[in-house]
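Colleague: Provided below for reference: sequence and predicted model.
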Amino acid sequence: MSRSDVLVDADWVEAHRDDPGIVLVEVDEDTSAYDKGHIRGAVKIDWKKDLQDPVRRDFVDRAGFEALLSERGISNDDTVVLYGGNNNWFAAYAYWYFKLYGHHNVKLLDGGRKKWELDSRELVTDVPARAATHYKAQDQDTSIRAFRDEVVAAIGAKNLIDVRSPDEFAGRLLAPAHLPQEQAQRGGHVPTARNIPWSKAAEEDGTFKSDDALRTLYSDAGVDFSNDTIAYCRIGERSAHTWFVFHELLGQPNVKNYDGSWTEYGSLVGVPIELGDGA
Amino acid sequence: MTGVTQSAAGGCGAPADAARVTSAGNQAVVQGTVTKSGSPVSTGYARLLNAGGEFVAEVPLGADGGFQFFAAPGDWTLRVLAPGGIRAEHPVTAAIGEISRVEVAV
């Protein structure tokens, strides 16, 4: 796995978006972004409505994922190119999610929607019509998904990377600064977690930093690349961005995204919590 | 808290046109608009940097060129990015119970 296998740039998208077997997918929390304009040919996935179980806090099951991709006209053999807003947070989350259900050919558009917009590239409102498929998913690959007990067991044993902003890590804020701070759970972080905000992996235009710069960033922050790693944030999408960096760009084995993240951990009874800015 | 309809409160995203609060309540709100020659800049991004210059949050500009953050109290830098290589920066101080306005002309 190398960078060119998992990342494409805007020129590549413009050259290949009409190729058979290429499907562009915009993934946003704010689906009105897609409706106002998207890359020509792109279909939409709503990270919440489409990817979360409507009742339990969990993902749609395998049959649900199969139904979703079949309805969107995505085949098992298609190369899915994901992009989205928020510096590709939700696109990276969808990337991880597609991998979780065994889709092999997935790529991210480097810089996502932001760089595309800042470069003044074309956005359209036409919604493509894609014929339905019969998509077959695999069982979840839990080698890339961490659950709460693994996180507690990883305290002091594995690399725990908290990719939220420093104020969230310290417990001064419970959500990113663009959201209201009315959450009910406790603030702070998992003991022994290192605070390496996701944003340090990205340039201002949303593209990923170079492999060398990324390796230096995490090494300098005390990450032991010979150890297993669990990344978390608040709900698992910023940490999917960091999971992508570790697992897909840097080729690290044994990297998991903890999608329960702080909204789960910070509400658990009896688990240890650390406050403050950390070491 | 009242006065907030946050359609995406379950996530970390930033709906461009999420309702802007008219009363800060117990939050430290930073709001403003970005204009160019008096017209709103509706394609672009507002970034909030902490006192150390570290990135903290980013939102796309709304159709009216507006943005909103719920910050911690303190000193921040607001940076605007827009197509055509436009960049602008303004200092802003946030305080609990206040809406701090930043009007950015680029």
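Modeller: That came through fine.

Colleague: Show me what residue A:195 is bridged to.
Modeller: Listed by DSSP bridges, the beta-bridge partners for residue A:195 are residue A:162.

Colleague: Wait, residue A:21 touches residue A:79, no?
Modeller: Yes. Under the criterion of Cβ atoms under 8 Å, residue A:21 makes contact with residue A:79 at 5.8 Å. Bear in mind the C-beta positions are built from the backbone N, C-alpha and C, glycine included.

Colleague: Which one of the two is surrounded by more residues?
Modeller: When residue A:21 and residue A:79 are compared for neighbours, residue A:79 comes out ahead with 16 against 11, by other Cβ atoms under 10 Å in any protein chain shown.

Colleague: so how far is residue A:109 from that one?
Modeller: According to Cβ to Cβ, to the nearest Å, residue A:79 stands 12 Å off from residue A:109.

Colleague: do residue A:201 as well
Modeller: From residue A:201 across to residue A:109, the span is 16 Å (Cβ to Cβ).

Colleague: neighbour-wise, which of these two wins?
Modeller: When residue A:201 and residue A:109 are compared for neighbours, residue A:109 comes out ahead with 27 against 21, by other Cβ under 10 Å.

Colleague: What does the more buried one show for phi and psi?
Modeller: phi -80, psi 120 (degrees, to the nearest 10).

Colleague: What residues does it make contact with?
Modeller: Applying Cβ atoms under 8 Å, 6 or more residues apart in numbering or on different chains to residue A:109 gives the contacts A:7, A:8, A:9, A:10, A:13, A:24, A:81, A:82, A:83, A:88, A:91, A:116.

Colleague: Show me where the chain has its strands.
Modeller: Answering for chain A, as no chain was given. Taking DSSP state E as the test, the strands found in chain A are A:7-8, A:22-28, A:43-46, A:79-83, A:106-109, A:159-162, A:194-195, A:229-232, A:255-258.

Colleague: ah, no, chain B please
Modeller: Per DSSP E, chain B carries strands over the ranges B:28-36, B:39-40, B:45-49, B:55-60, B:66-71, B:74-82, B:86-94, B:98-105.

Colleague: Which residue comes closest to residue A:156 once chain neighbours are left out?
Modeller: In space, and not counting its chain neighbours, residue A:156 is closest to residue A:192: 4.8 Å by Cβ to Cβ, 6 or more residues apart in numbering or on different chains.

Colleague: Chain A versus the residue located most distally from the centre of chain B, what's the distance?
Modeller: In chain B, the residue that sits farthest from the middle, by Cα atoms, centre = their mean, is residue B:84; the gap is 20.4 Å. To chain A, residue B:84 is 7 Å away according to Cβ to the nearest Cβ, to the nearest Å.
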